[in-house]
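# would you be able to build a 3D model of this:
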Amino acid sequence: MLLLKKTVATALVGAVCAAIAPSLSYADDTWPSKPITFIVPYAAGGFADTRMRLLARELADEIKTSVVVENKAGAGGVIGTAYIAKSKPDGYTIGSGNLAPLSVNPTLMPKNVSYDVQKDFAPVVLVEESPLILSVNNNVPVKTVSELIALAKKDPGSLTFGSSGVGGAHHLSGELFASEAGLDLSHVPYKGGAPAATDLMAGHIDMMFEMGYAAMPAIEAKKVHPLAVTSAKRLALLPDVPTMAESGLPGFESYNWQGVIAPAGTPPEVIQKLNAAFNNILKKPEVLKAFEITGGQAAGGTPEEFGKFIQDETAKWAKVIETSKISVD
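Sure, this is the predicted structure:
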């Protein structure tokens with residue numbers, strides 16, 4: 001009987017070792033030994049895709065292996081993000097982790113989200129925070145945020161703000177502004193940021209929170225007037241434009257951010273190597289310049305910090321969605 005128990009125990013140990021052997025091999029010193037696939041959950045040619053392709057090229061140089069970008073667009077980034085969650089956690093599939101699919105859509109459209117953000121992903125690093133610029137059309141008689149707030153309070157519901165669609169960074173920033181300042185603003189959603197920006201210049205909508213790269217041409221052409229930026233500090237592109245906090249709304253920050261994530265279960269050693277590589281990339285002058293000219297700010301930090309950031313952003317925007325009664329129906 002003792003011999004039988006020993007034999008069974010030995011067999012069980014062998015089975016466990018066999019089961020974990022593949023995962024152990026992923027984390028050995030040979031990583032990376034083959035090309036890495038980098039998933040972008042948005043269409044090719046857009047801002048998110050362009051930025052991640054830049055980082056993918058830099059990553060290939062940093063870790064000395066090929067990095068292949070694959071676009072898996074659809075459902076506000078949900079399709080590609082779900083693909084990352086279901087990928088093999090061997091360190092050879094990573095992807096872009098963005099505001100909408102990670103911190104907005106699980107609250108805004110929970111029936112369409114098949115993944116659990118806290119359980120299905122391993123955060124790697126926060127790459128970039130892209131603040132927005134609050135601008136008004138040239139017919140709105142204000143020069144500061146405080147003047148805009150005063151104007152809005154004179155006739156509640158009369159002022160309009162445009163967005164690229166329900167639940168996007170433009171929309172959420174406008175709702176956060178209305179909530180923080182105690183305003184009644186009318187939201188006008190468009191099918192994309194470009195038509196909204198066109199109507200802002202034409203005077204068909206009063207204001208808009210817009211990404212820096214999209215807002216700057218109209219600002220430079222003096223077709224709209226910038227009032228504030230949503231970052232914690234002023235933008236190098238617009239050094240004379242105050243932050244929302246400086247304009248009387250302390251703590252107001254809003255970003256369309258993106259980072260890098262991997263499937264849950266990816267070996268910690270690989271996550272750390274990727275994190276170190278991206279932190280090095282984010283210090284390169286050419287990368288910092290690419291961010292700066294589009295109004296973005298390089299981030300960086302640890303995987304744990306990125307995980308906490310995702311949690312905080314999720315709680316923040318869930319409150320805005322609930323308070324403003326935002327729905328995609």
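# tell me the helices in the stretch 1-150 of the chain, going along the chain?
Using DSSP state H, counting those that start in this stretch, the helices assigned to the stretch 1-150 of the chain run over residues 2-26, 47-63, 78-86, 99, 105-108, 117-120, 145-154.
# worst mean pLDDT among these?
Comparing mean pLDDT across those, the weakest is helix 2-26, with a mean of 39.
# once you drop chain neighbours, what's closest to L185?
When the adjacent residues along the chain are set aside, L185 lies closest to A178, with 4.6 Å between them (CB to CB, 6 or more residues apart in numbering). The way it works is simple: take the backbone N, C-alpha and C, and place the C-beta from them, glycine included.
# what pLDDT does the model give the residue nearest to G157 when sequence neighbours are not counted?
Nearest residue to G157, sequence neighbours excluded (CB to CB, 6+ apart): D184, at 4.6 Å. pLDDT, the model's per-residue confidence, is 97 for D184.
# separation between D184 and V113?
31 Å (CB to CB, to the nearest Å).
# so for the two, which residue has more residues nearby?
For D184 versus V113, the count of surrounding residues by other CB atoms under 10 Å is larger for V113: 19 against 12.
# coming back round to it: next helix or strand past the helix or strand hosting the residue nearest to L185?
Applying DSSP states H and E as the criterion places A178 in helix 169-181. Downstream of helix 169-181, the next assigned helix or strand under DSSP H and E is strand 186-189.
# only C-alpha atoms, please: export that next one in PDB.
These are the backbone C-alpha positions of strand 186-189, laid out as PDB (Å, rounded to 0.1, in the frame of the first residue of the first chain):
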ATOM      1  CA  SER A 186     -26.600  70.300 -24.800                       C
ATOM      2  CA  HIS A 187     -24.600  67.500 -26.300                       C
ATOM      3  CA  VAL A 188     -24.400  67.200 -30.100                       C
ATOM      4  CA  PRO A 189     -22.900  63.900 -31.100                       C
END
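# for that strand, packing partners?
The helices and strands touching strand 186-189, judged by 3 or more CB pairs under 8 Å, 6 or more residues apart in numbering; DSSP states H and E, are strand 160-163, helix 169-181.
# so what touches it?
Defining contact as CB atoms under 8 Å, 6 or more residues apart in numbering, one finds that strand 186-189 is touched by 157-166, 171, 174-175, 196, 199, 205.
# show the buried residues in those residues.
Those of the contacts of strand 186-189 that meet the buried threshold are 159-164, 166, 171, 174-175, 196, 199, 205, by 16 or more other CB atoms under 10 Å.
# in stretch 196-213, what's buried?
Using 16+ other CB under 10 Å as the test for burial, stretch 196-213 gives 196-197, 199-201, 205-213.
# correction: the previous question concerned stretch 322-329.
Taking 16+ other CB under 10 Å as the neighbour-count basis, stretch 322-329 is seen to contain the buried residues S324, I326.
# and for that stretch, what's in contact with it?
The contact list for stretch 322-329, computed with CB under 8 Å, 6+ apart, reads T107, L108, M109, V166, G167, H171, L172, E175, A178, S179, V320.
# now those in a markdown table, with distance to A298?
A markdown table is the format used below for the contacts of stretch 322-329 (distance: CB to CB, whole Å):
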| residue | distance to A298 |
| --- | --- |
| T107 | 28 |
| L108 | 28 |
| M109 | 30 |
| V166 | 30 |
| G167 | 26 |
| H171 | 26 |
| L172 | 23 |
| E175 | 27 |
| A178 | 30 |
| S179 | 29 |
| V320 | 26 |
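# only the buried subset of those residues, as a ChimeraX command please.
In ChimeraX syntax, the buried subset of the contacts of stretch 322-329 is picked out as below (16+ other CB under 10 Å):
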select :107,108,109,166,167,171,172,175,178,320
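# which pair in the contacts of stretch 322-329 spans the largest distance?
Every pair in these was compared (CB to CB); the two farthest apart turn out to be M109 and A178, at 21.6 Å.
# and the helix holding A178, C-alpha only, in CSV?
Extracted C-alpha coordinates of helix 169-181, given in CSV (Å, rounded to 0.1, in the frame of the first residue of the first chain):
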residue,chain,number,x,y,z
ALA,A,169,-13.2,61.3,-24.7
HIS,A,170,-14.7,64.4,-26.3
HIS,A,171,-18.2,63.6,-25.0
LEU,A,172,-17.1,62.5,-21.5
SER,A,173,-14.9,65.6,-21.1
GLY,A,174,-17.9,67.8,-21.9
GLU,A,175,-20.1,65.9,-19.4
LEU,A,176,-17.4,66.1,-16.7
PHE,A,177,-17.1,69.9,-17.4
ALA,A,178,-20.9,70.3,-17.1
SER,A,179,-21.0,68.3,-13.9
GLU,A,180,-18.0,70.0,-12.2
ALA,A,181,-19.2,73.5,-13.1
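# just checking, what packs against that helix?
Helices and strands touching helix 169-181, by 3+ CB pairs under 8 Å, 6+ apart, are strand 132-137, strand 160-163, strand 186-189, strand 207-211, helix 303-324.
# what angle do that helix and helix 303-324 make?
Between helix 169-181 and helix 303-324, the angle formed by their directions is 70 degrees, by axes from the mean of the first three to the mean of the last three CA atoms, to 10 degrees.
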